[in-house]
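Engineer: When you get a sec, could you give me coordinates for this:
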Amino acid sequence: MKKRVLSLLLVCALALTVAPGAMASETLTEMPDVFQGDGVYVTAKELSIPEGWNVYGGVPRGVHEGFVTVYRTEDVQDEDGFYTGGKRYLVNWVDKNGNLFDFSDWETLPTLAGYSPYDYDSYNFHDGLCYFYDAEKETFGYIDTEGNRVIESCQYGVDFYNGLALINYDTFIDKTGQVVFSLDDVGWEGTIMGEYSDGLFAY
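Structural biologist: Presented below is the predicted three-dimensional model:
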């Protein structure tokens with residue numbers, strides 16, 4: 001008897017949480033701009049990617065802090081403007097309105113350090129910053145959400161978490177680029193693994 005009562009209560013609870021529209025016989029043939037059920041909100045908006053650019057890693061990349069990472073290929077030329085046979089992958093970020101950052105005043109445009117069609121975790125914004133590769137210096141740097149270069153010349157590009165980023169496998173920097181902790185400073189040997197979280201890190 002208890003099992004039957006419990007089952008009946010569960011069915012009633014589920015019925016109360018289903019959106020009224022979902023119980024109607026009418027079939028939803030087109031996704032509206034906003035579909036509101038009982039506590040459920042779904043927004044559909046087309047994101048316009050500028051011509052010539054592609055989402056890096058494809059659809060699984062998603063949106064990070066309001067930006068989608070995109071790339072395009074460009075032929076590498078020598079000092080005389082002749083094609084060398086190489087290619088580089090320029091990187092940029094599209095906001096929700098389909099706008100790219102303007103890097104026209106940069107001496108060296110930001111690029112990917114390496115290309116992979118299945119890479120959708122790299123070059124995403126975290127804590128308001130995102131890393132890029134400087135092919136001329138062969139180092140990584142960071143930009144903010146305004147497209148400003150804020151940190152330069154890091155040997156390794158990683159995401160910021162809780163205000164810190166791991167560079168060179170043994171050093172944490174803050175969002176101004178200042179070193180806040182290094183294994184060398186305390187005389188430890190080894191490699192820091194993963195990100196800083198809850199006041200702890202693994203090495």
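Engineer: mind checking how far stretch 67-82 is from the chain centre?
Structural biologist: Relative to the centre of its chain, stretch 67-82 is centred 21 Å away, using CA atoms, centre = their mean, to the nearest Å.
Engineer: Packing partners of the top strand by length along the chain?
Structural biologist: In the chain, taking DSSP state E as the definition, the longest strand is strand 83-94. Contacts defined by 3 or more CB pairs under 8 Å, 6 or more residues apart in numbering; DSSP states H and E place strand 83-94 against strand 68-77, strand 129-134. The C-beta positions use only the backbone N, C-alpha and C, and glycine is treated the same way.
Engineer: For those strands, give me TSV that also has distance to V179 and mean neighbour count.
Structural biologist: Shown next, in TSV, are those (distance: least, CB to CB, whole Å; neighbours: other CB atoms under 10 Å):
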stretch	distance to V179	mean neighbour count
strand 68-77	27	16
strand 129-134	16	22
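Engineer: mean pLDDT lowest for which of those strands?
Structural biologist: Of all the helices and strands packed on strand 83-94, the minimum mean pLDDT falls on strand 68-77 (a mean of 91).
Engineer: and the helices and strands packed on strand 83-94 as TSV, adding distance to D102?
Structural biologist: What follows is the helices and strands packed on strand 83-94, written out as TSV (distance: least, CB to CB, whole Å):
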stretch	distance to D102
strand 68-77	14
strand 129-134	14
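Engineer: before we move on, back to that, list of residues touching the longest strand of the chain?
Structural biologist: Here strand 83-94 makes contact (CB atoms under 8 Å, 6 or more residues apart in numbering) with 47, 49-50, 53, 56, 67-78, 100-101, 103, 109-112, 115, 123, 125, 130, 132-133, 135, 147.
Engineer: ditto for stretch 149-165
Structural biologist: 106, 113, 122, 124, 126-129, 131-134, 137, 139-144, 166-169, 172-177, 180, 195-198.
Engineer: from memory D102 sits against N148, does it?
Structural biologist: No. D102 sits out of contact with N148 when judged by CB atoms under 8 Å, with a separation of 10.9 Å.
Engineer: Could you count how many residues lie near the closest residue to T145 other than its chain neighbours?
Structural biologist: Leaving aside its sequence neighbours, T145 sits nearest to G128 (CB to CB, 6 or more residues apart in numbering; 5.6 Å). Neighbour count for G128, taken as other CB atoms under 10 Å: 15.
Engineer: In helices only, show me the contacts of stretch 149-165.
Structural biologist: Among these, none falls in helices (DSSP state H).
Engineer: ok, of those, which come out buried?
Structural biologist: Among those, those scoring as buried are 113, 122, 124, 126, 129, 131-134, 140-143, 166-168, 172-173, 175, 195-196 (criterion: 16 or more other CB atoms under 10 Å).
Engineer: Do a quick rundown of the strands in the chain.
Structural biologist: Using DSSP E, strands in the chain cover 34-36, 41-43, 54-55, 68-77, 83-94, 129-134, 139-144, 149-154, 165-167, 171-173, 179-182, 193-197, 200-202.
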